[in-house]
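Student: Can you look at this prediction? I've put the sequence above it.
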Amino acid sequence: MRRLHLLAPILAALALLGVSPAQSQVPPTIKLVVGYPPGGSSDTLARLLGQALQDSLKTTVIVDNRPGAGGRLAAAQFKRAPTDGSEIMIAPNALTTVQSLVYADKLGYSVLDDFVPVAKLASYPIALSVPGSSSIRTASDLSAWAKANPAQASYGSSGAGGMSHFAGLMFAKAAAIQWEHVPYKGGAPLINDLVGGHVGAGVDTVIDHIEHARAGKIRIVGIFSQKRYALAPEVPTLAEQGIKGLDIEGWFGAFVPAGTPPAVVARLDDAIGKVLADPAFKARLNKLVIEVSYLHSNDFRKLQAAELQAWAPVVRDSGFKPE
């Protein structure tokens, strides 16, 4: 009877939080769902985060790679995941923002209705680059080249309908140029053609471009940001070169399925926030040219809604229709 008396206030508090005693426990295994193959930035971040969460939560954390359709396959499956905190999707805004708009008529899920944002994890800028052998060094040089060589003016991206695709269109509009989009099947083949001088310019994450730029194989003309990136301060912004209004941030976030109790979301948010605040974890991410930029669940939800609203006219006005 004494034990029941002590448990009563605990059970009452859990009830007020909308979570059962079973849901208040950390699951014996947590899956970090990644909609991309091993080796990419999403996968690498998930593995670093998983190891840190495993240590802090004293549970087993594994990365579950489910590649296909640019992450959309994993997202569609994740909609039906358990709501006890045992599965967390790690996804970039290229998937949860841009692709959700581009493929709106083809998705079996809604990012706002079917997923709950737990925390924003990290961010990085988008880079506009040219071959290292090119004489182009500035945004003005690139604009002048495109205007003087309309038949050759083109840029590559890591895929049609992706963030880098639309970033290139936004640059063209701001710089008053016209150029052809050349979609690649990922960032690696785009880099190969940039290094080889087979495409005039390329737009993709600074994560994929910076090492090649520092080796002199490509040249980053600028990043789509209002301020220089702390992890690559040598790279100028397009804004400082007179190309205004192009502030595009790529980020990674953690999500759980809709229906997950608020207390479970709060518990995961708290655990992730503590991991991201650890200087050693930040240092490991910084080596990948990824910057910790934590937002807790409520602020992350506001950011996602604002981004969907901002990107909607960009996608609509592009006229792009997926096959």
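Tutor: Alright, I've got the coordinates.

Student: Which parts of the stretch 201-323 of the chain are strands?
Tutor: With strands called from DSSP state E, counting those that start in this stretch, the stretch 201-323 of the chain shows them at 202-205, 218-223, 249-257, 291-296.

Student: strand partners of the first one, parallel vs antiparallel please.
Tutor: Think strand 202-205. Sheet pairing of strand 202-205 (DSSP bridges) gives strand 115-131 (antiparallel), strand 154-157 (parallel).

Student: Using CSV, write down the CA coordinates of it.
Tutor: Output of strand 202-205 as CSV, limited to C-alpha atoms (Å, rounded to 0.1, in the frame of the first residue of the first chain):
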residue,chain,number,x,y,z
GLY,A,202,27.2,24.0,-60.3
VAL,A,203,24.9,24.6,-57.4
ASP,A,204,24.9,22.3,-54.4
THR,A,205,25.7,22.2,-50.7
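
Student: what does that strand contact?
Tutor: 41, 124-130, 155-158, 164-165, 167-168, 171, 187, 190-191, 193-194, 209, 218, 250 (CB atoms under 8 Å, 6 or more residues apart in numbering). Quick note: C-beta positions are derived from backbone N, CA and C, even for glycine.

Student: any idea of the mean pLDDT in that strand?
Tutor: On average, the pLDDT along strand 202-205 is 96.

Student: how far does it sit from the chain's center?
Tutor: 14 Å (CA atoms, centre = their mean, to the nearest Å).

Student: show me the contacts for L45.
Tutor: Residues in contact with L45 (CB under 8 Å, 6+ apart) are I90, L121, A122, F252, L285, L288, I290.

Student: what about the last one, neighbour count?
Tutor: Using other CB atoms under 10 Å, the number of residues around I290 comes to 25.

Student: same check, this time on the second one
Tutor: Other residues within reach of L121, judged by other CB under 10 Å, total 26.

Student: In space, what's closest to it - neighbours in sequence excluded?
Tutor: F252 (4.6 Å; CB to CB, 6 or more residues apart in numbering).

Student: Just want the angle from the helix ranked longest in the chain to strand 291-296.
Tutor: If you go by DSSP state H, the chain has its longest helix at helix 297-318. Interaxial angle of helix 297-318 relative to strand 291-296 (axes from the mean of the first three to the mean of the last three CA atoms, to 10 degrees): 110 degrees.

Student: Give me the below-cutoff pLDDT ranges for the protein.
Tutor: Applying pLDDT under 70 to the chain flags residues 1-24.

Student: Quick check on the spatially most central residue of it: phi, psi?
Tutor: The centre of the chain sits closest to P92, judged by CA atoms, centre = their mean, with a distance of 2.4 Å. Dihedral angles of P92 (phi, psi; degrees, to the nearest 10) stand at phi -90, psi 160.

Student: Who does it form a beta bridge with?
Tutor: According to DSSP bridges, the residues that bridge with P92 are F252.

Student: so who does it touch?
Tutor: Residues near P92 by CB under 8 Å, 6+ apart: S41, S42, G71, G250, W251, F252, G253.

Student: how about those residues in a markdown table, adding distance to A144 and neighbour count?
Tutor: A markdown table is the format used below for the contacts of P92 (distance: CB to CB, whole Å; neighbours: other CB atoms under 10 Å):
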| residue | distance to A144 | neighbour count |
| --- | --- | --- |
| S41 | 33 | 20 |
| S42 | 36 | 23 |
| G71 | 37 | 23 |
| G250 | 28 | 24 |
| W251 | 33 | 23 |
| F252 | 36 | 25 |
| G253 | 38 | 24 |
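
Student: Okay, helices next: where are they in this structure?
Tutor: Counting by DSSP H, one finds helices in the chain at the ranges 2-16, 41-57, 72-78, 93, 100-102, 111-114, 139-148, 163-175, 187-196, 206-214, 262-276, 279-286, 297-318.

Student: JSON lines for those, including distance to N65?
Tutor: Listed next are those as JSON lines, based on distance: least, CB to CB, whole Å:
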{"stretch": "helix 2-16", "distance to N65": "34"}
{"stretch": "helix 41-57", "distance to N65": "6"}
{"stretch": "helix 72-78", "distance to N65": "8"}
{"stretch": "helix 93", "distance to N65": "19"}
{"stretch": "helix 100-102", "distance to N65": "21"}
{"stretch": "helix 111-114", "distance to N65": "20"}
{"stretch": "helix 139-148", "distance to N65": "36"}
{"stretch": "helix 163-175", "distance to N65": "21"}
{"stretch": "helix 187-196", "distance to N65": "17"}
{"stretch": "helix 206-214", "distance to N65": "18"}
{"stretch": "helix 262-276", "distance to N65": "20"}
{"stretch": "helix 279-286", "distance to N65": "19"}
{"stretch": "helix 297-318", "distance to N65": "23"}
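
Student: can you pull the contacts of the closest residue to V264 other than its chain neighbours?
Tutor: Leaving aside its chain neighbours, V264 sits nearest to G85 (4.4 Å; criterion: CB to CB, 6+ apart). Going by CB under 8 Å, 6+ apart, G85 touches Q23, V26, P27, I30, V256, T260, V264, V265, R267, L268.

Student: Tell me how far G85 lies from L238.
Tutor: Look at G85 and L238: by CB to CB, to the nearest Å, they are 41 Å apart.
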